[in-house]
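In: curious how this folds, go ahead:
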Amino acid sequence: MEIFFTILIMTLVVSLSGVAARIIPFQIPLPLVQIAAGAMLAWPTFGLHVDFDPELFLVLFIPPLLFADGWKTPTSEFIHHGREILGLALVLVLITVVGIGYLIYWMVPGIPLIPAFALAAVLSPTDAVALSGIVGEGRIPKKIMSILQGEALMNDASGLVSLKFAVAVAMGTMVFTVGGASVEFVKVAIGGLLAGVAVCWLFGKSLRLFSRLTGDDPATQTVLLLLLPFASYLIAEHLGVSGILAAVAAGMTITRSGIMRQAPLAMRLRANSVWQMLEFVFNGMVFLMLGLQLPGILETSVAQANADPNVQLWMLFTDIVLIYAALMIVRFGWLLIMQRLSRRFLKKRPMEFGNYSTRELLIASFAGVRGAITLAGVLSIPLLLTNGEEFPARYELIFLATGVILFSLFVGVILLPILLRGVEGIDKSVHRHEMQNARAAMAGVAIESLHKMEERLAVDTEENIDTELLKEVSARVVGNMRRRIDGKEDMERALFAENLERRFRLTALRAERGEVYHLRATQQISNETMMKLLHDLDLLEALLVEKEE
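Out: Modelled structure (predicted):
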């Protein structure tokens, strides 16, 4: 029962943290609110303590988070910015692991070289979700944010794969050589990607099979979708390849393969809602876990620092600042190098960095905040080696990683709004114009299909439809479609007409919902009829409200 109550309390706190972040008078990023809430829960007054298995923590949190990131990543933008993303997510990660790893080994007494590489590996992934929590949606220009989102997805995978290599060497299950590590990295990476695609393909086949056997059963289909990232991860790990990359590949494949497009409507609606909820809860749980561990981390660090003559607590806090500064210098330096290389060698097809100003390079550098994946990675480091001894300097690794996460969030809160002052974010008018053009093009195709349907129904003797009724209905629907096309010339009037119509429809819909409840209260309809009618009304309202936003 204690575990059950702990999970309930943590879920409640995560849900309330979103409310707290909005009502606090000054802006505090949601991750910091969740960390503070976890620290308060772990305080002796409340005494909430959570023991966890690092391996279980990795399996529970990493696959769904990476799967959700892969699902949201636009493939076209990912491919378009492929060179920039690979330069940051692979080359920069390698530079960070080696360079920052040696810096940590040289700077922090008591951390051997391989654990230093492990710490550098978990510090290499950036967090686009935490970044949005700091600056808000749409504040960073799209040309920067698209690259940052793609980088965050891929460097999560490359950083965690590097961590697994470092942990395997420290555990003695792998002997490190540059050539051997390179071949092994390529093998597990390609194998993981193929495993994720294969599992996703099998999921699509099984989904269609279940649909034929049981009809549209959105509950079963949604549960199968929830299991997909875990299945991808576990199957890939069982095969000896990267489960992390398998989860990413499955997430990127799920929408691009047509699986979701061909899935039943009810399943698509539920799946999107469920994944939004799960992503919020899982991200929140990771930061809440950090807060819960924070008092223990500080206490252990103080005790170890007092016991170890080579380590002093103030030095560990200084190391956090120095490591973060080194991460930013390496990141800014690599962005500057990529910019110069692009301008010199890629004049015909320059990279996006080639057009960045110094301010935009600084924004892209300090936007590389650390978050959930870094935390999940460092907490997944084993407690013991294979011989039963403690993992070398594990408490220092967790302390330094925690400090860098918190410090990067604080620096981001202060510096990014200053750097973004006067910088135009995502232009919403361009988005609205793009939406209007798309709707006009869709309406043109729709009108053509309506005319064909009208002609077919007019000559169909089985339908036996009155000609005047057919023309009346067709004219009404076609007229609605034509207004979208005409709106390209007079967009303001067209948008006003659509908003006016939407307001009328919402007013009527809400009145219908009230009448449904009245009919049920007076026992004129059954509960089953009420639920079906309310479900249909909810779908219509969701569509109208989404258009309004």
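
In: give me the contact list for the lowest-mean-pLDDT helix or strand in the chain.
Out: Ranked by mean pLDDT, DSSP states H and E, the weakest helix or strand in the chain is helix 259-262, scoring a mean of 71. Helix 259-262 is contacted by residues C200, F203, G204, L207, R208, T253, I254, T255, R268, A271 when judged by Cβ atoms under 8 Å, 6 or more residues apart in numbering. The C-beta positions use only the backbone N, C-alpha and C, and glycine is treated the same way.

In: N155 versus the first one, what's the distance?
Out: So the one you mean is C200. To N155, C200 is 22 Å away according to Cβ to Cβ, to the nearest Å.

In: rewinding a little: how about the contacts of helix 259-262 in TSV, adding pLDDT and neighbour count?
Out: Compiled in TSV, these are given as follows (pLDDT from 0 to 100; neighbours: other Cβ atoms under 10 Å):
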residue	pLDDT	neighbour count
C200	90	24
F203	87	21
G204	84	18
L207	79	21
R208	78	13
T253	87	24
I254	84	23
T255	70	16
R268	74	16
A271	78	20
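
In: from these, which land in helices?
Out: Using DSSP state H, the members of these that fall in helices are C200, F203, G204, L207, R208, T253, I254, T255, R268, A271.

In: quick one: contacts for the fourth one?
Out: For L207, the contacting residues are Q221, L224, I259, A263, taking Cβ under 8 Å, 6+ apart as the criterion.

In: tell me the one among the residues you listed nearest to V286.
Out: Distance to V286, by Cβ to Cβ, is smallest for L224 among those, at 24.6 Å.

In: excluding sequence neighbours, find me the nearest residue to I405.
Out: Distances taken as Cβ to Cβ, 6 or more residues apart in numbering place R370 nearest to I405, at 4.6 Å, with adjacent residues excluded.

In: can you report how many residues lie near that neighbour?
Out: Residues lying near R370 (other Cβ atoms under 10 Å) number 26.

In: that one contacts L131, doesn't it?
Out: No - R370 lies out of contact with L131 (Cβ atoms under 8 Å); the separation is 10.2 Å.

In: state the pLDDT value of T318.
Out: pLDDT, T318: 90.

In: and for D216?
Out: 67.

In: same deal with L163?
Out: L163 is assigned 86 on the pLDDT scale.

In: against T173, how distant is the closest residue in space to it that isn't next to it in sequence?
Out: Ranked by Cβ to Cβ, 6+ apart and with sequence neighbours excluded, the top spatial neighbour of L163 is A121, at 4.1 Å. Relative to T173, A121 is positioned 16 Å away (Cβ to Cβ).

In: taking the centroid of the chain, which residue is nearest it?
Out: The residue lying closest to the centre of the chain (Cα atoms, centre = their mean) is D69, at 3.5 Å.

In: that one falls within a helix, correct?
Out: Yes - residue state for D69 (DSSP: H, G, I helix; E, B strand; the rest coil) corresponds to a helix.

In: next, count neighbours for the residue nearest to it when sequence neighbours are not counted.
Out: Nearest-residue entry for D69: L153, 4.8 Å, with adjacent residues in sequence omitted and distances by Cβ to Cβ, 6+ apart. For L153, the count of nearby residues is 23 (other Cβ under 10 Å).

In: just M154 next, same as before
Out: By other Cβ under 10 Å, 23 other residues sit near M154.

In: could you do L544 as well?
Out: For L544, using other Cβ under 10 Å, the count is 15.

In: who's in contact with it?
Out: Here L544 is in contact with R502, R505, L506, L509 (Cβ under 8 Å, 6+ apart).

In: now do E237
Out: G243.

In: host element of it?
Out: Per DSSP states H and E: E237 is located in helix 218-238.

In: chain center to that helix, what's the gap?
Out: From the chain centre to the centre of helix 218-238 is a distance of 17 Å (Cα atoms, centre = their mean, to the nearest Å).

In: okay, D427: pLDDT?
Out: 58.

In: thinking again about what came up before, can you redo the contacts of L207 as JSON lines with distance to L335 and neighbour count?
Out: Listed next are the contacts of L207 as JSON lines, based on distance: Cβ to Cβ, whole Å; neighbours: other Cβ atoms under 10 Å:
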{"residue": "Q221", "distance to L335": "43", "neighbour count": "22"}
{"residue": "L224", "distance to L335": "42", "neighbour count": "16"}
{"residue": "I259", "distance to L335": "36", "neighbour count": "19"}
{"residue": "A263", "distance to L335": "40", "neighbour count": "21"}
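
In: past the helix or strand where M10 lies, which element shows up next along the chain?
Out: Using DSSP H and E, M10 falls within helix 2-23. Next helix or strand after helix 2-23 toward the C-terminus (DSSP H and E): helix 30-42.

In: could you give the angle of that following helix to helix 2-23?
Out: 140 degrees (axes from the mean of the first three to the mean of the last three Cα atoms, to 10 degrees).

In: got the phi and psi for L384?
Out: Note on L384: its backbone torsions stand at phi -130, psi 150 [degrees, to the nearest 10].

In: quick one, what contacts it?
Out: E390, F391.

In: so what's the residue count around A542?
Out: Around A542 there are 12 residues (other Cβ under 10 Å).

In: what does G18 give?
Out: Count around G18 with other Cβ under 10 Å applied: 13.

In: ok, now the one 10 residues further on?
Out: The number of residues packed around I28, counting by other Cβ under 10 Å, is 16.

In: isn't it right next to S17, touching?
Out: No - contact status for I28 versus S17: not in contact, 10.3 Å apart, counting by Cβ under 8 Å.

In: would you agree T386 falls within a strand?
Out: No - assignment of T386 by three-state DSSP gives coil, placing it outside any strand.

In: now do the contacts for it.
Out: Contacts of T386 by Cβ under 8 Å, 6+ apart are M171, G172, T173.

In: mind checking the SS state of the last one?
Out: T173 carries the three-state label coil when classified by three-state DSSP.

In: excluding covalently adjacent residues, which one is nearest to it?
Out: With sequence-adjacent residues excluded and distances taken as Cβ to Cβ, 6+ apart, T173 is closest to T386, at 7.1 Å.

In: same question for the second one.
Out: In space, G172 comes closest to T386 once its chain neighbours are excluded; the distance is 5.8 Å by Cβ to Cβ, 6+ apart.

In: give me the phi and psi angles of that neighbour.
Out: phi -60, psi -30.

In: repeat for S526
Out: Dihedral pair for S526: phi -80, psi 170, per degrees, to the nearest 10.

In: where do the helices of the stretch 401-549 of the chain begin and end?
Out: Using DSSP state H, counting those that start in this stretch, the helices found in the stretch 401-549 of the chain span residues 428-459, 467-486, 491-521, 527-548.
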